[in-house]
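> sharing a sequence plus its predicted fold:
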Amino acid sequence: MAEITASMVKELRERTDAPMMDCKKALSEADGDMDRAEEILRVRFGNKASKAAGRVAAEGTVGVSISADGKTGAMIEVNSETDFCAKNDDFLAYVRELAVVVEKSNPANIEAVAALPMNGSTAEDVRTQLVGKIGENITPRRFVRLAAQGKLSSYVHGSKIGVIVDVVGGDEALGKDIAMHIAAAKPKSLDASGVDAALIEAERRVAIEKAKEAGKPDAMLEKIADGTVQKFLKEVTLLSQNFVKDDKVTIEQLLKSKGASVASFTMYTVGEGIEKVVTDFAAEVAAAAKL
């Protein structure tokens with residue numbers, strides 16, 4: 001019986017993207033023959049994982065896990081190629097469990113998530129097993145893990161928008177309301193201090209150019225720009241936004257009335273920033289007809 005080394009397992013895994021334990025078993029079954037072991041895995045998985053690895057995954061879902069006492073929590077975005085996969089029960093169960101694993105294990109970064117223990121194996125092995133079963137590229141993209149100053153609340157809208165928020169004071173209903181508001185209003189930060197200076201400057205430049213085009217005198221340009229920036233900051237900062245369930249009060253006023261404050265929040269929108277590949281199905285059919 002040939003000795004199965006770690007380097008052999010690594011090489012086979014790189015060839016096939018199959019789980020490490022399956023690679024080891026295949027090598028043992030093939031008595032160390034790398035090509036034969038690859039064939040065994042192709043039979044087992046249909047070589048789906050390796051084929052899927054290069055495809056764009058811009059769909060997916062968000063998973064959230066919060067401890068029973070609300071003091072620790074995690075939110076993770078996991079991408080898939082299609083919305084069909086994102087609604088698959090096995091995929092959704094994987095994302096939910098991965099969020100729990102991240103919340104309990106506190107990995108250093110997204111790369112470290114792969115090595116976390118999961119279902120008696122690793123998160124990476126579970127992922128590749130799922131890729132082999134579903135046949136799509138499935139990729140954990142980003143996560144946040146929080147240790148609360150107050151108590152954590154969350155809200156996931158349609159599996160595509162996820163929010164986790166740390167509310168100090170108030171009650172559970174307030175935390176849920178704030179999380180839902182964030183998902184609906186999509187603030188960029190808690191207050192003006194958290195807004196990217198480049199965004200503020202861009203608003204100022206646009207306001208000045210528009211004022212010039214409207215024929216406003218130069219002496220008024222800075223004042224107009226200041227007003228535009230203040231309006232922008234009111235729209236994009238959580239505390240200044242009008243509460244979606246009662247637009248007569250701001251979030252800051254709502255929190256004050258409950259003796260509460262928001263320490264931090266994170267919102268994920270699935271696929272945000274990923275360039276999706278647009279397929280022209282008609283062109284594909286036409287091209288295939290010429291073959």
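All right, it came through fine. Numbering: from 1, shown residues only.

> which elements pack onto the longest helix belonging to the chain?
Counting by DSSP state H, the longest helix found in the chain is helix 218-236. Judged by 3 or more C-beta pairs under 8 Å, 6 or more residues apart in numbering; DSSP states H and E, helix 218-236 is in contact with helix 197-213. Bear in mind the C-beta positions are built from the backbone N, C-alpha and C, glycine included.

> quick one: contacts of the helix it packs on?
For helix 197-213, contacts defined as C-beta atoms under 8 Å, 6 or more residues apart in numbering pick out 188, 220-222, 224-225, 227-229, 232-233.

> buried set for the helix or strand hosting residue 179?
Per DSSP states H and E: residue 179 is located in helix 172-185. Buried residues in helix 172-185, counted by 16 or more other C-beta atoms under 10 Å: 174-175, 177-183, 185.

> tell me the contacts of residue 62?
Residues in contact with residue 62, defined by C-beta under 8 Å, 6+ apart, are 75-78, 95, 156, 159-162, 268, 270.

> any idea how far stretch 126-142 is from the chain center?
Taking C-alpha atoms, centre = their mean, to the nearest Å, one finds the center of stretch 126-142 at 15 Å from the center of the full chain.

> what is the mean pLDDT for that stretch?
The average pLDDT within stretch 126-142 is 91.

> quickly list the domain ranges of the chain.
For the chain, automatic domain parsing gives the domain ranges 6-46, 53-146, 196-236.

> so how far is the first one off the chain centroid?
Pointing back at domain 6-46 there. Using C-alpha atoms, centre = their mean, the offset of domain 6-46 from its chain centre is 31 Å.

> please apply the same query to the longest one.
In this view, domain 53-146 has its centroid 9 Å away from the chain centroid, taken as C-alpha atoms, centre = their mean.

> C-alpha coordinates for stretch 78-96, PDB please?
C-alpha atoms of stretch 78-96 as PDB (Å, rounded to 0.1, in the frame of the first residue of the first chain):
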ATOM      1  CA  VAL A  78     -22.100  33.800   1.000                       C
ATOM      2  CA  ASN A  79     -22.400  34.100  -2.800                       C
ATOM      3  CA  SER A  80     -23.700  31.700  -5.400                       C
ATOM      4  CA  GLU A  81     -24.000  31.900  -9.200                       C
ATOM      5  CA  THR A  82     -27.800  31.900  -9.400                       C
ATOM      6  CA  ASP A  83     -30.700  33.000  -7.300                       C
ATOM      7  CA  PHE A  84     -32.000  29.400  -7.800                       C
ATOM      8  CA  CYS A  85     -29.100  28.100  -5.700                       C
ATOM      9  CA  ALA A  86     -29.600  30.900  -3.200                       C
ATOM     10  CA  LYS A  87     -33.000  29.600  -2.500                       C
ATOM     11  CA  ASN A  88     -31.900  25.900  -2.200                       C
ATOM     12  CA  ASP A  89     -32.600  24.500   1.300                       C
ATOM     13  CA  ASP A  90     -29.200  22.900   1.600                       C
ATOM     14  CA  PHE A  91     -27.500  26.200   0.600                       C
ATOM     15  CA  LEU A  92     -29.500  28.100   3.100                       C
ATOM     16  CA  ALA A  93     -28.800  25.600   5.900                       C
ATOM     17  CA  TYR A  94     -25.100  25.900   5.100                       C
ATOM     18  CA  VAL A  95     -25.100  29.700   5.400                       C
ATOM     19  CA  ARG A  96     -27.100  29.600   8.700                       C
END
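
> any buried residues in it, and which?
Neighbour counts over stretch 78-96 (16+ other C-beta under 10 Å) mark 78-81, 85-86, 88, 91-92, 94-95 as buried.

> quick revisit: and the least confident of the contacts of residue 62?
pLDDT across the contacts of residue 62 is at its lowest for residue 159, which sits at 84.

> which residues are contacting stretch 155-166?
Stretch 155-166 is contacted by residues 61-64, 66, 73-75, 77, 86-87, 92, 144, 146, 148-154, 175-176, 178-180, 182-184, 262-270 when judged by C-beta under 8 Å, 6+ apart.

> so which of these sit within helices?
Counting by DSSP H, the contacts of stretch 155-166 place 86, 92, 175-176, 178-180, 182-184 in helices.

> columns distance to residue 215 and pLDDT on top of the residues you listed, output as a markdown table?
Shown next, in a markdown table, are the ones in helices among the contacts of stretch 155-166 (distance: C-beta to C-beta, whole Å; pLDDT from 0 to 100):
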| residue | distance to residue 215 | pLDDT |
| --- | --- | --- |
| 86 | 51 | 88 |
| 92 | 56 | 96 |
| 175 | 49 | 97 |
| 176 | 49 | 97 |
| 178 | 43 | 98 |
| 179 | 45 | 97 |
| 180 | 44 | 97 |
| 182 | 40 | 97 |
| 183 | 41 | 95 |
| 184 | 38 | 95 |
